[in-house]
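Undergrad: Got a predicted structure plus its sequence, pasted below:
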Amino acid sequence: MTARLRAQEITLSYGDRVVSTRLDLDVPDGAFTAIVGPNACGKSTLLRAFVRLLRPSTGAVRFDDRDVGAFRGKALARSLAFLPQDPAVPEDIRAGQLVGRGRFPHQSPLALWSVEDERAVAEAMDVAGVADLAGRPVRELSGGQRQRVWIAMVLAQDAPYLLLDEPTSFLDLAHQYRLLALLARLRDQGRTVVAVLHDINQACRFADHLVAMKDGRIVAQGAAADIVDAALLEEVFDLPCVVLPDPVTGAPMVVPTLVRAKIGGPPRGSSLG
């Protein structure tokens, strides 16, 4: 396995609150990596460190054997495109304008817009299924429509690495699967995809490489068929379950056996929120 993007013994903190300590992760090139785990286990924090929105207090994130902090902003953005969980919508911006912002890393002060920018934006909006929303104010869109516009913006960035934090948020079931299938196609075309996903079955079906996190550490990683079993789900999610073959793909499919729980009485060791 080759890996251009690596976290090497990084410690990640928000003020005095330490999220991860001496964490190592090599992101496989040309693969679809899904990061899974319970809420507040460090998944989003790790993605933020990859794109230097959060600097490690120890260790380093490296891309092409260089600390990501050594890159100029536009140069890093031409390689790593990032979609956060809750991106802020600029005031009174239309969908087409927002997608166009994905072209900023490719522009210079002397050439602010090009035929290539136009092509990339049109293609990204078409692929994301939002071409018909180009003239609509983003604030008037539904949550799902808005999420697909943000995805189009990331695609328009045309970076070889896509880092997506909960990209299926707000999408209905059909659009979730269409998006994941699109990411798999981009992987097949040579992109490297890293996505934080909450649905373990979607992660098992679409990802080549699974990273299971808990309490800021990596519990297991590898192909879903090699690591996903009832013991792992019990350890990571405190979820009693059985794991069966997916009838469509043969990948592991998680079936919870916890049928009913009283409100105020969640499974041992678990919490809500």
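TA: Received it, and whenever you're ready, just let me know what you need.
Undergrad: hey, where'd the helices end up in the stretch 1-150 of the chain?
TA: Ranges of helices in the stretch 1-150 of the chain, per DSSP state H, counting those that start in this stretch, are 43-50, 73-79, 95-100, 115-127, 143-156.
Undergrad: Spit out the contact partners of Ala195.
TA: Counting by CB atoms under 8 Å, 6 or more residues apart in numbering, Ala195 touches 32-35, 162-165, 167, 183, 207. C-beta: built from backbone N, CA, C; applies to glycine.
Undergrad: Same check on Leu163?
TA: Counting by CB under 8 Å, 6+ apart, Leu163 touches 47, 50-51, 80-83, 194-195.
Undergrad: returning to that earlier point: reformat the contacts of Ala195 as JSON lines; add distance to Val99 and pLDDT.
TA: Converted to JSON lines, these look like this (distance: CB to CB, whole Å; pLDDT from 0 to 100):
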{"residue": "Phe32", "distance to Val99": "23", "pLDDT": "98"}
{"residue": "Thr33", "distance to Val99": "25", "pLDDT": "98"}
{"residue": "Ala34", "distance to Val99": "25", "pLDDT": "98"}
{"residue": "Ile35", "distance to Val99": "26", "pLDDT": "98"}
{"residue": "Leu162", "distance to Val99": "15", "pLDDT": "98"}
{"residue": "Leu163", "distance to Val99": "18", "pLDDT": "98"}
{"residue": "Leu164", "distance to Val99": "16", "pLDDT": "98"}
{"residue": "Asp165", "distance to Val99": "18", "pLDDT": "98"}
{"residue": "Pro167", "distance to Val99": "15", "pLDDT": "97"}
{"residue": "Leu183", "distance to Val99": "17", "pLDDT": "97"}
{"residue": "Ala207", "distance to Val99": "26", "pLDDT": "98"}
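Undergrad: Of those residues, just say which sits nearest to Ala134.
TA: Within the contacts of Ala195, the smallest distance to Ala134 is 20.7 Å, found for Pro167 (CB to CB).
Undergrad: Can you report phi and psi for that closest one?
TA: phi -70, psi -20 (degrees, to the nearest 10).
Undergrad: related to what we said a few turns ago, would you list the helices of the stretch 1-150 of the chain in a markdown table and tack on mean neighbour count?
TA: Formatted as a markdown table, the helices of the stretch 1-150 of the chain follow (neighbours: other CB atoms under 10 Å):
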| stretch | mean neighbour count |
| --- | --- |
| helix 43-50 | 23 |
| helix 73-79 | 15 |
| helix 95-100 | 23 |
| helix 115-127 | 17 |
| helix 143-156 | 23 |
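Undergrad: Out of those helices, which is closest to Pro252?
TA: helix 43-50 (19.5 Å).
Undergrad: Next up, the contacts around Leu239.
TA: Contacts of Leu239 (CB under 8 Å, 6+ apart): 233, 254, 256, 258, 267.
Undergrad: is it true that the second one touches Ile200?
TA: Yes - with contact taken as CB atoms under 8 Å, Val254 and Ile200 are classed as touching, separated by 5.1 Å.
Undergrad: one step back: which one of the contacts of Leu163 sits closest to Pro105?
TA: Pro105 has its nearest neighbour among these in Ala81, at 8.6 Å by CB to CB.
Undergrad: Which strand residues bridge that closest one?
TA: Counting by DSSP bridges, Ala81 is bridged to Leu162.
Undergrad: And it, how far from Ala231?
TA: To Ala231, Ala81 is 35 Å away according to CB to CB, to the nearest Å.
Undergrad: and if you look at Leu133?
TA: 45 Å.
Undergrad: which of the two has more neighbours?
TA: More neighbours surround Leu133 than the other of Leu133 and Ala231, with 23 against 10 (other CB atoms under 10 Å).
Undergrad: In contact with the more buried one, which residues?
TA: Taking CB under 8 Å, 6+ apart as the test, what Leu133 contacts is 95-96, 125, 141, 145, 149.
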